[in-house]
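Colleague: Requesting a structural model of the entry that follows:
(2 chains)
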Amino acid sequence: MTRILSLILQLGAAFELCAQATVPGAGFDEYQVKAAFLYNFAKFVEWPPGTFASPSDPIGICIAGVNPFGSMLDTMVQGKKMGERVFLVRRMPDTQEAKGCQILFIGGTEWKTVHALLDALKGAAILTVGETEDFTAAGGMIAFQLAGPRVRIQIDLETAEHSRLKISSKLLSLAQIVKRQP
Amino acid sequence: MSKSLASRWVILVFTGAIAATTSAQTPPARDLTEFSLEDLMNIHVTSVSKKEQKLAKTGAAIFVITQEDIRRSGSTNIPDLLRMVPGVDVARVDHSNWAVSIRGFNSVYANKVLVLIDGRSVYHPAFSGVLWFAQDVPLEDIERIEVIRGPGGTVWGANAMNGVINIIMKSAQATPGGLLTAGGGTNQQGEGLLQYGGTAGVSGDYRIFSRYSHQGKSDPVDADQPADARGLGQVGFRSDWRLSARDLLTVQGEYRRVDGGETLSGVLPQTLSAMGTYTQPIGDDGGNILARWTHTLVNGSDVSLQAYFDKSDTFAAGAHDFTSIGNIDFQHHLSFGSRNDVVWGLSYRGAANRFSGNNVVTLHPVDRTDSLYSAFVQDEITLTKTLSLTVGAKFEHNAYTGYENEPSAQLVWAANSRNTVWVSAAKAIRQPSPIDNGLEIVSALVPLPQGALGLVTVFGNPNTKVEELRDFEAGYRAQVNRRLSVDVTSFLSFYRNLETTEPQTPFFALTPGPPHLVIPLLFENLANARNYGAEAFANWNVTDRWKLSPGLTLLDMSVTRDASSQDAVIEQLPGYAPRRSFQVRSFVDLGRTFEWDQTIGYTGPLAVGNIPGYVRLDTRVGWRMGEFTEVSIVGQNLLRPRHAEFPDSQLIDYMLDQRSIFGKLTWRF
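Modeller: Residues are numbered from 1 along each chain as shown, chains lettered A, B, ... in the order given. The predicted model follows:
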């Protein structure tokens, strides 16, 4: 028992060393990067008039289902402002209630409910961001995709326009634009 | 044993915590919000999301019960939830006992399915099976339940023979704030949950909860019988600490006390001289504490180290079993070249049991401590863009039969993002337990000439073998269009060395009870089985507000004994499983605040005990009163006042699942 235990701990320590040896620079957690993208999207998307009641209304970033960011997203947007607007991060653990959400992130854990959720939000002025494989085909606007160790962005412009969202050309130029099958 | 296990556990947790804290200081905290979009696109990330999406492309028969499924089912316990999973056979025996199995072999002590609650196995080592009356969690805190039908031995090890039920709880981050629920009804007479979740410092989240539930006895007409009312009291906590961007430490624990009961017909334990009906308490008094450290390495691989200690006093079948379990699992997941995705792990489990029986049931020896060592490796090899092959094996050393192995292979063809076809082959085992090895239980009384007494007694066998399964499966999964998804699995399973009870030469005994002739039956492994069947389910979003989820189960079992076997009942095993069952769940959103959900299901008849097939209708109306409050009313078994679901195996007088209504208030604050 003691031998097994020490073996396990030594192995754990060995991997720690291996990892530090192979990649010198510190890597970023996938969700740290995705959180930064979410924050950035607010700068490159224009919501239809009437979305906000006043110029000081906060921008709501909502997370459907399981929150993969931990406290990273909250920490990241804390004290940040877009004009007069602050950011408000909100979890939607059970409900499909999306009032006050301008950006909605639907994580990979929600692959089973993602269709229903997107169907329910069809036409709403909410920027839907996801990471499941067929996210845009399912009716989502922006999909994160992993290309090797990098995060890539896929945008379904038609869905966004249908919801009267304007996505800046800067963001579009960096993304892969998908066309839905007729 | 238990003390030393506990102290080792403590050392381990501290070592883990120190290691985690040390590494937490290494990564620099850079503000990513200052990065441009281009920069963000060029950052190297370590991925964890991939694992989740793999579920859709896994080469196994998997069904996931989501939190939404749980909430809208209106169920108040885990076995009732499992009814929605095709291939899982759930039968209510009485208001304390359940029989739950996958693909046949059902019993109150069904022993071929492994159940995990947040990484902790709840397969009871002494009773050799999952005692469902003792398993309870706040249903609101379940993130999902993954049910894998078919062998899971390569990853999960022995006893994951016919399947694995993996209950995964929400992280503490996902349950902020207060939660109060209160409910009551005709069967589930009262239940309540009080929970609070918050943050601790900048990197920690926690929740604490306490629960109570009371289930009335199944037949309210007779004042005393059956004695199957069940009460539960439970307290617990979970805390998650994001020690760095790459280190997550989870520490959780729970204490529970379950008091149930059962009415049996059998040899009276006090005198051993007559058969009769009697009642006895069943229950569980125990707790556990678990720590899990996950570290994501910068090259995208991750390691996890989990340890738990579980101590309980379980009373069932007239006996107490005092169990202490210490368990350590280490897992490393890495990518190897561009084509290999490898998971390997090591684990150790020590289980100490002290059995305290009565005249009817005892165990030899009453004290025992068993160790289980295991190692596994599994490699997912990307053969082409659409084809992948997963091969793996587990190697285990158990205290009864020594070294065992459980290999498996799965070939998955993801033709495109909408269609997946898979085939698999695997070997799995059920390893012997203290029961198989050293049980002594009086099962019947036989009057002999001249007033003499014969007691049929079942004995465990010190030379017991592992039961083996060789299993072949094929499946197809399709996202037909954005509204319809379909999943079909078929399987062919060959079992070897199934346990039989073989008559031996009778002998006289003076104690316990009056002098009597012992008619012994000895456990041997002299039967084989061939099962085949299919399971199918679909999710169909008929409209934006109406969803239908049908499911179908087909099972054909055939059990044969060896020529040398004299077991008179083993070939009746197929009679404990319905040959077919199907159900349709319907979810309707009425406006923004009302939900109306129903399940209608048919379960086929059981040949043993002449249990007729039955149709269940459950319905739920939910009303969301604003953002924080929800009220629901659930009716179960609405079509008939009562029906039987399982024969009286294990001598328990089966009672009937009855029509019931239940109301619940959920308030978040």
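Colleague: Quick check: mean pLDDT of the strand ranked longest in chain A?
Modeller: When chain A is parsed with DSSP state E, its longest strand is strand A:85-92. For strand A:85-92, mean pLDDT is 87.
Colleague: Helix or strand next in line after that strand, which one?
Modeller: Following strand A:85-92 in sequence order, the next helix or strand is strand A:103-106 (DSSP states H and E).
Colleague: Get me the contact residues on the stretch 501-650 of chain B for chain A.
Modeller: Within the stretch 501-650 of chain B, the positions adjacent to chain A are B:Asn539, B:Asn541, B:Asp544, B:Lys547, B:Arg624, B:Glu627 by C-beta under 8 Å from any C-beta of the partner chain. Backbone N, C-alpha and C define where each C-beta goes, glycine included.
Colleague: right, and the fifth one touches B:Thr593 too?
Modeller: Yes: under the criterion of C-beta atoms under 8 Å, B:Arg624 lies in contact with B:Thr593, with a separation of 4.6 Å.
Colleague: So the two - more neighbours on which side?
Modeller: Ranked by neighbour count (other C-beta atoms under 10 Å in any protein chain shown), B:Arg624 and B:Thr593 place B:Arg624 first, with 19 against 12.
Colleague: ok, the nearest residue to A:Gln154 once chain neighbours are set aside - how many residues close by?
Modeller: Of all residues not flanking A:Gln154 in the chain, A:Ala143 sits nearest, at 4.3 Å (C-beta to C-beta, 6 or more residues apart in numbering or on different chains). Neighbour count for A:Ala143, taken as other C-beta under 10 Å: 25.
Colleague: quick one, helices of chain A?
Modeller: For chain A, the helices defined by DSSP state H occupy A:2-22, A:30-44, A:72-77, A:114-120, A:157-162, A:169-174.
Colleague: Roughly how far does the most centrally placed residue in chain A sit from chain B?
Modeller: With distances taken as C-alpha atoms, centre = their mean, A:Phe105 lies nearest the centre of chain A, 4.6 Å away. Counting by C-beta to the nearest C-beta, to the nearest Å, the separation of A:Phe105 from chain B is 12 Å.
Colleague: and that residue, what is it in contact with?
Modeller: Residues in contact with A:Phe105 (C-beta atoms under 8 Å, 6 or more residues apart in numbering or on different chains) are A:Lys34, A:Leu38, A:Ile61, A:Cys62, A:Ile63, A:Ala64, A:Val129, A:Gly130.
Colleague: And B:Ile570, its phi and psi?
Modeller: Per-residue torsions, B:Ile570: phi -60, psi -30 (degrees, to the nearest 10).
Colleague: which stretches of the chain have low pLDDT?
Modeller: Assuming you mean chain A. Across chain A, the ranges flagged by pLDDT under 70 are A:1-27, A:93-97, A:148-149, A:180-182.
Colleague: if you could check chain B rather than the one you did, that'd help
Modeller: If you take pLDDT under 70 as the line, chain B has these spans: B:1-31, B:43-56, B:220-224, B:245, B:298-300, B:649-655.
Colleague: give me that answer again for 50
Modeller: The model of chain B has pLDDT under 50 over residues B:1-29, B:48-52.
Colleague: re earlier: could you say what helices and strands the longest strand of chain A packs with?
Modeller: Where contact means 3 or more C-beta pairs under 8 Å, 6 or more residues apart in numbering or on different chains; DSSP states H and E, strand A:85-92 is packed against strand A:59-64, helix A:72-77.
Colleague: what residues does the last one touch?
Modeller: With C-beta under 8 Å, 6+ apart as the test, helix A:72-77 has contacts from A:29, A:31-32, A:35-36, A:38-39, A:61, A:63, A:87, A:89, B:31-33, B:202, B:242, B:245.
Colleague: How far off centre is it?
Modeller: Relative to its chain's centre, helix A:72-77 lies at 12 Å (C-alpha atoms, centre = their mean, to the nearest Å).
Colleague: try stretch B:75-84
Modeller: The offset between the C-alpha centroid of stretch B:75-84 and the centroid of the whole chain comes to 11 Å, using C-alpha atoms, centre = their mean.
Colleague: Let's see the distance spanning it from one end to the other.
Modeller: End-to-end span of stretch B:75-84 (C-alpha to C-alpha, to the nearest Å): 11 Å.
Colleague: Could you do stretch A:78-88 as well?
Modeller: From its first residue to its last, stretch A:78-88 covers 9 Å (C-alpha to C-alpha).
Colleague: buried sites along that stretch?
Modeller: Counting neighbours by 16 or more other C-beta atoms under 10 Å in any protein chain shown, one finds that the buried residues in stretch A:78-88 are A:Arg85, A:Phe87, A:Leu88.
Colleague: before we move on, what about stretch B:368-378?
Modeller: Using 16+ other C-beta under 10 Å as the test for burial, stretch B:368-378 gives B:Arg368, B:Asp370, B:Leu372, B:Tyr373, B:Ser374, B:Phe376, B:Gln378.
Colleague: which stretch of helix or strand covers the fifth one?
Modeller: Pointing back at B:Ser374 there. Using DSSP H and E, B:Ser374 sits within strand B:367-382.
Colleague: helices or strands next to that strand in the packing?
Modeller: By 3+ C-beta pairs under 8 Å, 6+ apart, strand B:367-382 packs against helix B:153-156, strand B:340-356, strand B:387-398, helix B:434-438.
Colleague: JSON lines please, covering these and showing mean neighbour count and distance to B:Thr277.
Modeller: JSON lines is the format used below for the helices and strands packed on strand B:367-382 (neighbours: other C-beta atoms under 10 Å in any protein chain shown; distance: least, C-beta to C-beta, whole Å):
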{"stretch": "helix B:153-156", "mean neighbour count": "24", "distance to B:Thr277": "40"}
{"stretch": "strand B:340-356", "mean neighbour count": "19", "distance to B:Thr277": "24"}
{"stretch": "strand B:387-398", "mean neighbour count": "18", "distance to B:Thr277": "38"}
{"stretch": "helix B:434-438", "mean neighbour count": "23", "distance to B:Thr277": "25"}
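Colleague: How about residues contacting stretch B:112-122?
Modeller: Contacts to stretch B:112-122, defined as C-beta under 8 Å, 6+ apart, come from residues B:100-102, B:105, B:123, B:130, B:134-135, B:137, B:152, B:156-157, B:159-169, B:252, B:288, B:290, B:292, B:306, B:308, B:310, B:327, B:329, B:430, B:467.
Colleague: Having no further points to raise, I will conclude here.
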